[in-house]
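*Asks:* Any chance you could fold what I've pasted below:
(chains A, B, C and D)
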There are 4 protein chains.
Amino acid sequence: MQQFHGGHRSPEMERCIQNCEDCHHICIETMSHCLNMGGKHAEAAHIRLLHDCIQICHTSADFMLRNSDMHGLTCSVCAEICTRCADDCERLDPGDQQMKACAEMCRRCAETCREMSMMKM
Amino acid sequence: MQQFHGGHRSPEMERCIQNCEDCHHICIETMSHCLNMGGKHAEAAHIRLLHDCIQICHTSADFMLRNSDMHGLTCSVCAEICTRCADDCERLDPGDQQMKACAEMCRRCAETCREMSMMKM
Amino acid sequence: MQQFHGGHRSPEMERCIQNCEDCHHICIETMSHCLNMGGKHAEAAHIRLLHDCIQICHTSADFMLRNSDMHGLTCSVCAEICTRCADDCERLDPGDQQMKACAEMCRRCAETCREMSMMKM
Amino acid sequence: MQQFHGGHRSPEMERCIQNCEDCHHICIETMSHCLNMGGKHAEAAHIRLLHDCIQICHTSADFMLRNSDMHGLTCSVCAEICTRCADDCERLDPGDQQMKACAEMCRRCAETCREMSMMKM
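*Replies:* Next comes the predicted model:
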């Protein structure tokens, strides 16, 4: 969708928006996967952290999409929560392919969000 | 992101999710664009309709991403609102490139959402 | 918060907004409660339905709060999902106080949403 | 709705949740009001800031409602954005009753969110 923004955004922000959207996407799928698996995958703290990550990635993407002056703040929180979510996915079951893919996406999102937050604050 | 869903979704649903995500994306950008333009572009009813479209596309995508049994209902409402939003973009300023791209995306999203809603209901 | 709407809304809509907000509120708490309980309370289909209810109640409330012409559509879907969520809470554990309170709130919300959807469509 | 949380939350958090919910509520109404007024009330930066406030209040409330460990982070950002939103409402038209009520609610929400963020971080 990059062609519609009107050229006002840096490539770094474009990449960060895409990562937040992709991370939102995979975290919802991972939450379903974990609930379907049950057992340790469905433990309350893990599902809650996935839920946090889903919501902050959505919020962070939206702030950038509307060119909010405040996006550095939401990116900063998003970086922190994505890192925790990646850690938790790796801790719970590093051999699970969905968890592995989710952790990698969370790390990528955290990295670009951290960059965005340092540019702004 | 299609590679992470675990193979449980039809190609039609994958396409519908992508369209809802893309429509959410462009409608936020269009809302910013219209507020920046001012005048008729920023009239209350148009901004409100874009806001409706942003929110229902997000909701509809999320329902499909978690494989909700209820996604036919949200897709049905999404199809209706996207069609209204497309009509309104075309009515307001058919020569505006952002509005034109937004209207086209809304039509595409409406079409796949309507298909999804008919499969389910 | 009714004092700030400017007097443009019917008492029925005010009550429906309040019910959607309250239902959103209790369903998030119930989702936490069910994940903490584990076992049948945390089964995937039940958590997913609570998640659906959380999201559609939020969406439905927001549509009414911005006086959207489309609120009849979101209220209609909200009524349906709240009814299913109430049924599921009662089915799973009718003796659980949180589930009981949640089911009652969902029924109340469904009733006012159904009224709103019939006024509009 | 306080009766349903199960007694696990402090009165401070209960009040903060309520303030975030009320601030979300009034900011959506104020956004509609400002778009209806047009002119300076509908300037892009003001509407965008109201939109930021709507979204972060919702996010912040939800984090607390699910007892997320991360709520200090979202409360911190919410405090900052609510303060900016209050400033902007007062700057634009201090005599407008809706703007005045909105600014007051934003200040109240900012205050309790700041308290919550300091308890946690």
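*Asks:* Tell me the residues of chain A that contact chain D?
*Replies:* Chain A comes close to chain D at residues A:45, A:48-49, A:51-52, A:55-56, A:59, A:62-63, A:66-70, A:73-74, A:76-77, A:80-81, A:84, as judged by CB under 8 Å from any CB of the partner chain. In short, each C-beta sits where N, CA and C put it, glycine included.
*Asks:* mean confidence score for stretch A:37-48?
*Replies:* Mean pLDDT, stretch A:37-48: 96.
*Asks:* ok now it, how far from the chain's centre?
*Replies:* Taking CA atoms, centre = their mean, to the nearest Å, one finds stretch A:37-48 lying 18 Å from the centre of the chain it belongs to.
*Asks:* For it, measure first residue to last.
*Replies:* Using CA to CA, to the nearest Å, the end-to-end distance of stretch A:37-48 comes out at 16 Å.
*Asks:* Wondering if it reaches chain C at all.
*Replies:* Yes - judged by CB under 8 Å from any CB, stretch A:37-48 comes into contact with chain C through A:38, A:42-44, A:47-48.
*Asks:* of all these, which comes closest to residue D:88?
*Replies:* The nearest member of those to residue D:88, counting by CB to CB, is residue A:48 at 33.3 Å.
*Asks:* what's the helix or strand for that closest one?
*Replies:* Element membership for residue A:48 (DSSP states H and E) is helix A:44-65.
*Asks:* elements contacting that helix?
*Replies:* Packing contacts for helix A:44-65, counted by 3 or more CB pairs under 8 Å, 6 or more residues apart in numbering or on different chains; DSSP states H and E, involve helix A:11-37, helix A:71-92, helix A:97-120, helix B:11-37, helix C:11-37, helix D:44-65.
*Asks:* Of those helices, give the one that comes closest to residue D:113.
*Replies:* helix D:44-65 (6.4 Å).
*Asks:* what's the distance between the closest one and the middle of its chain?
*Replies:* The answer for helix D:44-65 is 6 Å, by CA atoms, centre = their mean.
*Asks:* Show me what counts as buried in that helix.
*Replies:* Across helix D:44-65, burial judged by 16 or more other CB atoms under 10 Å in any protein chain shown covers D:44, D:46-65.
*Asks:* Equivalent analysis for stretch A:81-90, please.
*Replies:* Under the neighbour-count criterion of 16+ other CB under 10 Å, stretch A:81-90 has A:81-86, A:88-90 buried.
*Asks:* How about stretch A:31-40?
*Replies:* Going by neighbour count (16+ other CB under 10 Å), the buried part of stretch A:31-40 is A:31-37.
*Asks:* One more: stretch A:109-120?
*Replies:* Within stretch A:109-120, the residues scored as buried using 16+ other CB under 10 Å are A:109-117.
*Asks:* Identify the residue nearest the residue minimising distance to the centre of chain A in space, chain neighbours excluded?
*Replies:* The residue lying closest to the centre of chain A (CA atoms, centre = their mean) is residue A:23, at 4.0 Å. Closest residue in space to residue A:23, ignoring its immediate chain neighbours: residue A:109 at 3.9 Å, by CB to CB, 6 or more residues apart in numbering or on different chains.
*Asks:* From what I see, the one you found and residue A:22 are in contact.
*Replies:* Yes - with contacts counted by CB atoms under 8 Å, residue A:109 reaches residue A:22, the gap being 7.3 Å.
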